[in-house]
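> Sequence and predicted model, in that order:
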Amino acid sequence: MHEHLRQAVVLSLLLAYVGEAVQLAESHEGQSLIRDNAEKLCSEHKGLQKPLAIPCEDFLQKAIELRQSMGFSMLESRAPSEETGVVVAHHDEDLTWIDSVFDSPKYHIYVYSKGSMLPNITREHKWTKVWNVGREGLSYLTHIIPYYDQLEPNLIFVPGNAWTDKRKRALLHAAKAVVEGDQLLALGGFAPAYESNCDAVPDLLNFSIMKWCSALHKDPHADRRVCKMEASHYVNYAGFRGEMVPEWLRKQRGDDSCPLPISQFGVFAARRENLRRVDMDNYYKMHMSLNWKKNPADGHYMERLWAELLQEKIIE
């Protein structure tokens, strides 16, 4: 049942990415529109659907069936049953979407801004100005550490550009729906999470990143644009993971364990008790690793590590 639900979440957020047409899926016109793009979408996101062993030609129908079986929509908003903190990693993005997406008073908004603009939110929120270093992961840690003993039962972590980036918006829909549908605990206290299957684990552990071209800046000494990336102290993801994953969890999983849960794009929801299963010493270690450059390679490793750190293994 838990695995069924996990598959439904993964497939639903992928379906949401196709023009965010989840609600259209029940109409004939909507199905035709989605079907034209579903196989292409599925092929482009092999890393997401491959662990589910669902052929791309069956993607659309399987997604609709599983989504309907969940009993709640990825796009239909409702108030959460428990107090939920929303931690926003903000630079200079437009945050007016926060007012409508998180309109319930049970959502407590915390904005950590690294740019020059104040958050343009009208609803009640707590704003903190932070240094422009460490990517979104440092903003999340800047919240977790001081609030460790005062966290809400549920937390949603989201970058400020989540509403303008289709991939992040789909993840946000999924995370929010899981919280509002009271399904987060059933998913191991963390969602959405993908799994790197046994064939893919070696590549994941060997993953390293030397450049990231969304962080472009003008080279003052040449008529060109270059990718700004601060190299990691670690050779690859395995080195970062080995240092940051708590010893008890590392022993439980093992370095060559599979499948490994993976988080992407800095959008996820987590239960309070899952965040507290990592002790403060480990969070301080992560904070120190990120708190030095605007775009450290470690920030990209951290983006992937949240799921393994926080998701309890789901026992069928």
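Cool, the structure landed. Residues are numbered from 1 along each chain as shown.
> Every contact and neighbour count from this point should use C-alpha atoms.
Noted.
> Asp182 - how many residues pack around it?
Counted by other C-alpha atoms under 10 Å, the residues lying close to Asp182 total 14.
> Enumerate every residue touching it.
Pro80, Ser81 (C-alpha atoms under 8 Å, 6 or more residues apart in numbering).
> got a pLDDT number for it?
For Asp182, the pLDDT comes out at 86.
> Equivalent analysis for Arg276, please.
97.
> check which helix or strand covers the closest residue in space to Arg123 that isn't next to it in sequence.
In space, and not counting its chain neighbours, Arg123 is closest to Asp99: 6.0 Å by C-alpha to C-alpha, 6 or more residues apart in numbering. Applying DSSP states H and E as the criterion places Asp99 in helix 97-101.
> need the contact list for the residue nearest to Arg123.
Ile121, Thr122, Arg123.
> Give me the buried entries from the residues you listed.
Ile121 (16 or more other C-alpha atoms under 10 Å).
> I'd like to know which of the contacts of Asp99 is nearest to Tyr234.
Distance to Tyr234, by C-alpha to C-alpha, is smallest for Ile121 among the contacts of Asp99, at 38.5 Å.
> how many neighbours does the nearest residue to the closest one once chain neighbours are set aside have?
Of all residues beyond its chain neighbours, the one nearest Ile121 is Thr96 (5.5 Å), with distances taken as C-alpha to C-alpha, 6+ apart. Neighbour count for Thr96, taken as other C-alpha under 10 Å: 14.
> can you check the one 10 residues further on too?
Applying other C-alpha under 10 Å, we find 15 other residues in the vicinity of Lys106.
> Confirm for me that it is in contact with Thr84.
Yes: at 6.1 Å, Lys106 and Thr84 qualify as touching, with contact defined as C-alpha atoms under 8 Å.
> Relative to Lys106, how far out is Ser263?
25 Å (C-alpha to C-alpha, to the nearest Å).
> who touches Glu303 in this structure?
Per C-alpha under 8 Å, 6+ apart, neighbours of Glu303: Gly137, Ser263, Gln264, Phe265, Gly266.
> Most neighbours among the residues you listed, which one is it?
Gly137 leads the contacts of Glu303 on contacts (other C-alpha under 10 Å) with 24 neighbours.
> Just confirm that residue contacts Gly299, I think it does.
Yes: counting by C-alpha under 8 Å, Gly137 does reach Gly299; the two are 6.2 Å apart.
> who does the helix or strand encompassing Tyr112 pair up with?
If you go by DSSP H and E, Tyr112 is part of strand 107-113. Neighbouring strands of strand 107-113 in its sheet, by DSSP bridges, are strand 84-90 (parallel), strand 126-129 (parallel).
> And for the first one, what's in contact with it?
Surrounding strand 84-90, the residues in contact under the criterion C-alpha under 8 Å, 6+ apart are 106-115, 119, 136, 139-140, 143, 151-161.
> can you check the shortest one too?
Counting by C-alpha under 8 Å, 6+ apart, strand 126-129 makes contact with Ile109, Tyr110, Val111, Tyr112, Ser113, Lys114, Pro119, all of which sit outside it.
> swap the cut-off to 7 Å and go again
Ile109, Tyr110, Val111, Tyr112, Ser113, Lys114 (C-alpha atoms under 7 Å, 6 or more residues apart in numbering).
> what about the closest residue in space to the fifth one that isn't next to it in sequence, distance to Val201?
Translated: Ser113. Sequence neighbours aside, His90 is the residue nearest to Ser113 in space, at 4.5 Å (criterion: C-alpha to C-alpha, 6+ apart). The gap separating His90 from Val201 is 32 Å, by C-alpha to C-alpha.
> Neighbour count: those two, which is higher?
His90 (29 against 18).
> For Asp149, the count of nearby residues, please.
For Asp149, using other C-alpha under 10 Å, the count is 10.
> Show the model's pLDDT score for it.
97.
> Show me where the stretch 1-150 of the chain dips below the pLDDT cut-off.
1-77 (pLDDT under 70).
> can you map out the strands along the stretch 201-316 of the chain?
For the stretch 201-316 of the chain, the strands defined by DSSP state E, counting those that start in this stretch cover 216-218, 225-227, 260-262, 268-271.
> in this protein, which spans are helices?
For the chain, the helices defined by DSSP state H occupy 2-17, 28-44, 46-49, 59-70, 97-101, 135-144, 166-180, 201-205, 237-244, 247-253, 272-275, 280-290, 297-310.
> Now the fifth one: buried residues?
Right, helix 97-101. By 16+ other C-alpha under 10 Å, the buried positions in helix 97-101 come out as Trp97, Ile98.
> Tell me how far the nearest residue to Tyr107 once chain neighbours are set aside lies from Phe157.
Excluding the flanking residues, the one nearest Tyr107 by C-alpha to C-alpha, 6+ apart is Thr84, at 4.9 Å. From Thr84 over to Phe157 the distance is 11 Å, taken as C-alpha to C-alpha.
> of those two, who's got more company?
A side-by-side neighbour count of Thr84 and Phe157, using other C-alpha under 10 Å, places Thr84 first with 27 against 22.
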